[in-house]
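Student: Below is the sequence, then the predicted model.
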Amino acid sequence: MKLSFFFRNSIIMKQSATKKFFSMRFTHEFKKTHTTPQGQSDSALLSGHSQHRDGGGITETTTPVPSADTQPAGSAGITGRRLWEKSPSHSYSQGTGGQKTTETFTKRTPAPQDTRSLGQTLPPQPPQATTRPVSHGVASCQPKNHIVFLKTHKTASSTILNILYRYGDSRNLTFALPALRHSQLFYPMTFAAHFVEGFQSKTVKEYNIMCNHMRFMPEEVKKVMPEETFYFSILRNPVSMMESIFIYYKSIATFHKTRSLEEFLADPWKFYNTSLPNNHYAKNLLAFDFGFSDGSIGSDEETQAKLAISMIEKNFDLILLSEYFDESMILLKNALCWTLDDVVSFKLNSRNNDSRMKLHPDTIDKIKVWNLLDWKIYLHFNATFWRTVDLMGGQERMKQEVAMLKQKREQLTKTCLLEGGAVDPSQVKDKDLSPFQYGAAVIQGYNLNPELKGPIRKQCLDLITPELQYTAALYEKQFPQLSFNQHLSQKQPASRKATISRSRSLNPKVSTEKRLAQGGLRQQDHSIRHQKIFPKVPPTRSLRSVP
Ligand SMILES: Nc1ncnc2c1ncn2[C@@H]1O[C@H](COP(=O)(O)OS(=O)(=O)O)[C@@H](OP(=O)(O)O)[C@H]1O
């Protein structure tokens, strides 16, 4: 009965094809584990279908059918999140539920810093996927142009941001950019619709893509984005994620007195204090980014995890894994009805090897306990990820598509990159392409092949443009007059000049007038009014002092 309730609600709330794509994963799970023998009862379970184009043709996917005997974890969604936020208390434990879950999914969980290829890390081949070829064989899906990407921290999200920026920029789509030329949607404040430039003033008629760092709040996001919007995000194994976080955010109050991650984890409560600024980076950061607070009165971490998972499942169509970045890009491409060229990328925001630590097995265990909520969320979506792979044609097909994607990246590497790969920031020749540096991490960048000219140069330049520079350029493109006024008020004519030249190179054919029309921007400077409405974020944050 409970599952039936979930599915009925799920169907009512998720009428769009994209929502069906998400919901169908549960049909598949349900069918595999609770209802029928493998591969015997597809048609009995189907009540409808939607199509997704992909590299190999069309696959048919299913709409869930209400059924009677199981229920995905939790269903309180955002209501639960609000309850949590009221609570000042904090607790953690690794209960038996956590242990059990861990064992169940161990095979699917990659080792820390593991970005090995599909063949090396996947468990034995699962049963054949349930998607079926469609007989009429004509690709009929429409590329999705309304997208929300929840940019989680230290999860390869800057690389995905670059993919979305290039896609939207080349098609003149409108981004829901942070107001006042900020680079983030006022993170770590919980997202509010007026954080988006042009929302409050009603100067933008329709937004296509929202993808800058925010702390998720679905009701507010829905005020900005249309109903049919596709929501996705990416997770990373909390173990490798914490290793990255500790180096990158070494200067936050929780970490800065510790000499090593080992010292911190030996007695975390000695250093961690919920009243310290930026403490959210130190514990269960994934859950925080999705809008949850760590800890709640009367609810154990098992319950918290169920609530978080339920909220994520309710609001997101697809959850990717950074350990399986290429596989993730194939899933994304298929879900969005995009092409391989749309999702090819270079790794951005990557540390050099000298700023990486090797973790002791004991440290790995402690990270999982310390970040138990994130760990449980990760395990859950690690499992659903592979079910989605099955649904999208199975692992053999995934391997083939990943091979094609790698080939495209290798080709672009040869064409675009001077050294054939990433270099330390001190080696980046064009300072406008220097990646933002923070904490104890050394973040690598790229040098463009100097012989490039014309459209291929632009393509290569876009691929290696770091987040802050690209965000500034898009803001300039969408809001030229506002940018101009803000630059004037900040008395920074030189940087304006630099940004304008970059924005022209991004899209030289779009005139200022056309940009104004596209953005629907009124000419008045509403920045002063904004100053009153927006949370007071230290000026340095606009340059991501704490990214
Ligand atoms: N394509 C791809 N595949 C796998 N991993 C990748 C990829 N692109 C970026 N990365 C790694 O992601 C880390 C940076 O994450 P973010 O860009 O989300 O960081 S940030 O929160 O925006 O600062 C950073 O991890 P660390 O190097 O461990 O810090 C990057 O190396």
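Tutor: Looks like it came in fine. Residues are numbered from 1 along each chain as shown.
Student: and the protein, which residues reach the ligand?
Tutor: 115, 153-159, 244, 322, 325, 347-351, 547 (CB under 6 Å from any ligand atom). In short, each C-beta sits where N, CA and C put it, glycine included.
Student: 5 Å instead, please
Tutor: By CB under 5 Å from any ligand atom, the residues of the chain that approach the ligand are 153-159, 244, 322, 325, 347, 349-351, 547.
Student: So which of the residues you listed sit within helices?
Tutor: Judged by DSSP state H, the residues of the chain next to the ligand include 157-159, 244, 325 as members of helices.
Student: OK, contacts around Asn212?
Tutor: 151, 161, 176-178, 183-185, 471 (CB atoms under 8 Å, 6 or more residues apart in numbering).
Student: Repeat the analysis, applying 7 Å as the threshold.
Tutor: Asn212 makes contacts with 151, 177-178, 183-185, 471, as judged by CB atoms under 7 Å, 6 or more residues apart in numbering.
Student: Now rank those residues by neighbours and give me the top one.
Tutor: In terms of neighbours by other CB atoms under 10 Å, the contacts of Asn212 top out with Leu177 at 28 neighbours.
Student: Of all the helix elements in the protein, which one is longest?
Tutor: As assigned by DSSP H, the longest helix anywhere in the chain is helix 394-416.
Student: now the angle between helix 394-416 and whatever helix or strand comes next after that one, please.
Tutor: For helix 394-416, the following helix or strand on the C-terminal side (DSSP states H and E) is helix 454-464. Put simply, helix 454-464 runs at 120 degrees to helix 394-416, going by axes from the mean of the first three to the mean of the last three CA atoms, to 10 degrees.
Student: for the stretch 101-250 of the chain, what spans make up the strands?
Tutor: For the stretch 101-250 of the chain, strands defined by DSSP state E, counting those that start in this stretch occupy the ranges 132-133, 147-150, 209-210, 230-235.
Student: Now mean neighbour count and mean pLDDT too, for those strands, in a markdown table please.
Tutor: Shown next, in a markdown table, are those (neighbours: other CB atoms under 10 Å; pLDDT from 0 to 100):
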| stretch | mean neighbour count | mean pLDDT |
| --- | --- | --- |
| strand 132-133 | 14 | 30 |
| strand 147-150 | 24 | 98 |
| strand 209-210 | 26 | 98 |
| strand 230-235 | 24 | 98 |
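Student: okay if I get the ones you listed as TSV plus distance to Val369?
Tutor: Formatted as TSV, these follow (distance: least, CB to CB, whole Å):
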stretch	distance to Val369
strand 132-133	43
strand 147-150	25
strand 209-210	34
strand 230-235	18
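Student: related to what we said a few turns ago, buried subset of the ones in helices among the residues of the chain next to the ligand, written for ChimeraX?
Tutor: Entered in ChimeraX, the line below selects the buried ones among those, by 16 or more other CB atoms under 10 Å:
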select :157,158,159,244,325
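Student: before we move on, back to that, return the closest of the contacts of Asn212 with respect to Lys270.
Tutor: Gln184 (30.1 Å; CB to CB).
Student: In contact with the nearest residue to that closest one once chain neighbours are set aside, which residues?
Tutor: Spatially, and ignoring its direct neighbours in sequence, Gln184 is nearest to His213 (4.0 Å; CB to CB, 6 or more residues apart in numbering). If you count contacts by CB under 7 Å, 6+ apart, His213 has them with 151, 184-185, 187.
Student: Identify, from the contacts of Asn212, the entry nearest to the ligand.
Tutor: In terms of CB to the nearest ligand atom, no member of the contacts of Asn212 lies closer to the ligand than Lys151, at 6.6 Å.
Student: Backbone torsions only: list them for that closest one.
Tutor: phi -80, psi 90 (degrees, to the nearest 10).
Student: out of the contacts of Asn212, which are inside helices?
Tutor: Short answer: the contacts of Asn212 in helices (DSSP H) are Thr471.
Student: Quick one: the contacts of Asn212 as CSV, columns for pLDDT and distance to Thr303 too.
Tutor: CSV is the format used below for these (pLDDT from 0 to 100; distance: CB to CB, whole Å):
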residue, pLDDT, distance to Thr303
Lys151, 98, 27
Leu177, 98, 37
Pro178, 98, 34
Ser183, 95, 35
Gln184, 97, 30
Leu185, 98, 29
Thr471, 98, 37
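Student: Can you tell me which one of the residues of the chain next to the ligand sits lowest on pLDDT?
Tutor: In terms of pLDDT, Pro547 ranks lowest among the residues of the chain next to the ligand, with 52.
Student: Restricting to C-alpha, output stretch 176-195 in CSV.
Tutor: Output of stretch 176-195 as CSV, limited to C-alpha atoms (Å, rounded to 0.1, in the frame of the first residue of the first chain):
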residue,chain,number,x,y,z
ALA,A,176,19.6,32.2,-13.7
LEU,A,177,22.8,33.9,-12.6
PRO,A,178,23.5,35.2,-9.1
ALA,A,179,22.5,38.8,-8.6
LEU,A,180,25.0,41.6,-8.3
ARG,A,181,27.6,39.7,-10.2
HIS,A,182,28.2,37.3,-7.4
SER,A,183,29.6,33.9,-8.5
GLN,A,184,27.3,31.9,-6.2
LEU,A,185,23.6,32.1,-5.5
PHE,A,186,24.4,33.6,-2.1
TYR,A,187,25.6,30.2,-0.7
PRO,A,188,25.5,29.1,2.1
MET,A,189,22.2,31.0,2.6
THR,A,190,19.3,28.8,1.7
PHE,A,191,18.3,29.7,-1.8
ALA,A,192,15.6,32.4,-2.4
ALA,A,193,14.2,33.3,-5.8
HIS,A,194,15.4,36.9,-5.5
PHE,A,195,19.0,35.8,-5.4
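Student: Widest-spaced pair of the residues of the chain next to the ligand?
Tutor: Checking these with CB to CB, the most distant pair is Phe325 and Pro547, at 19.8 Å.
Student: for the stretch 401-547 of the chain, what are the low-confidence residue spans?
Tutor: 491-547 (pLDDT under 70).
Student: let's see 90
Tutor: 438-440, 484-547 (pLDDT under 90).
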